[in-house]
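Peer 1: sharing a model prediction with you, sequence too.
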Amino acid sequence: MAEVIEQSNLAYEHRDRAQLEAMAIDQANRKEKEAFEQQMSEMQRILEEELQLTTAKLKPDPAVTAAEEAARAEAERMAVMAAALAKEKEEFAQNRQQRLKTFEEAFRKISEATGVSDVDQLVSSFIANEEQNFSLYSYVNEQADEVELLEGQVQEEKNLHRSD
C-alpha cells in the first residue's frame, strides 16, 4: 500500500515538474519573441525613416556637397544597422532551433521510455495514468481513513473491556 502511495506521489511530482518546465520555457520563449519583434519593428522603422531621408537628400544638387556626404554617411550607418538586424535575426533563429532540438530530444527520451511515438497518444497515456493515480490516491486515503476509524473503535472496545 505504501509503495502505491509513493508511486502516486512520484508521478504527481514528475508531472508537476514537467508542467512547470514547459510553462517556464513557453513564457521565456514568448518574452524573447516579443522583445525581438519589438526591436525588429523599431529598427525597421528607423531604417525606413533613414532611407526616406537619404532618398530625399540624394537628388542631384551640385551646390550641396556637404549634404551629399551626410547622406552617404547616413546610408552607411543604415547599412550597418541592417547588418546588425540581420545578425540578430539569425541569432534568434539559431536559438529557436536549439530550443526545438531540446524539445525533440526530450520527446525522444520520453518516447523511448514509454514506447509511444505519437504525441497525442502520449498525452492521452499521461492523462489516463494521472486519472488512475488520482483514483488510487483517493482509494488509499479512503482506506487510511477507514483504518483510523477502525483503530479508534478497537481502542474503544479495549477500553470498555478493561473497565469491566
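Peer 2: Perfect, thanks for sending it.

Peer 1: use CA for all of it now, contacts and neighbours both
Peer 2: Noted.

Peer 1: where in the chain is pLDDT low?
Peer 2: By pLDDT under 70, the weakly predicted segments of the chain are 56-64, 67, 164.

Peer 1: which helix of the chain spans the most residues?
Peer 2: For the chain, the helix that runs over the most residues, judged by DSSP state H, is helix 2-57.

Peer 1: by contact count, what packs against that one?
Peer 2: If contacts are counted by 3 or more C-alpha pairs under 8 Å, 6 or more residues apart in numbering; DSSP states H and E, helix 2-57 sits against helix 65-114, helix 119-163.

Peer 1: will you turn the ones you listed into a markdown table that also has mean neighbour count?
Peer 2: Shown next, in a markdown table, are these (neighbours: other C-alpha atoms under 10 Å):
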| stretch | mean neighbour count |
| --- | --- |
| helix 65-114 | 14 |
| helix 119-163 | 13 |
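
Peer 1: which one of these lies nearest to residue 4?
Peer 2: helix 119-163 (7.6 Å; C-alpha to C-alpha).

Peer 1: just want the angle from the closest one to helix 2-57.
Peer 2: Using axes from the mean of the first three to the mean of the last three C-alpha atoms, to 10 degrees, one finds that helix 119-163 and helix 2-57 are set 140 degrees apart in direction.

Peer 1: which secondary structure elements does helix 119-163 contact?
Peer 2: Helix 119-163 packs on helix 2-57, going by 3+ C-alpha pairs under 8 Å, 6+ apart.

Peer 1: give me the angle between the helix it packs on and helix 65-114.
Peer 2: 160 degrees.

Peer 1: centre of the chain to stretch 113-123, how far?
Peer 2: 20 Å (C-alpha atoms, centre = their mean, to the nearest Å).

Peer 1: look up how far residue 76 lies from residue 16.
Peer 2: 53 Å (C-alpha to C-alpha, to the nearest Å).

Peer 1: residues contacting residue 32?
Peer 2: If you count contacts by C-alpha atoms under 8 Å, 6 or more residues apart in numbering, residue 32 has none.

Peer 1: distance check, it against residue 93.
Peer 2: 11 Å.

Peer 1: re the thing from before, redo the helices and strands packed on helix 2-57 as TSV? Include distance to residue 9.
Peer 2: Putting those into TSV (distance: least, C-alpha to C-alpha, whole Å) gives the following:
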stretch	distance to residue 9
helix 65-114	19
helix 119-163	8
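
Peer 1: who wins for proximity to residue 11 among those helices?
Peer 2: Nearest of the helices and strands packed on helix 2-57 to residue 11, taken as C-alpha to C-alpha: helix 119-163 at 7.7 Å.
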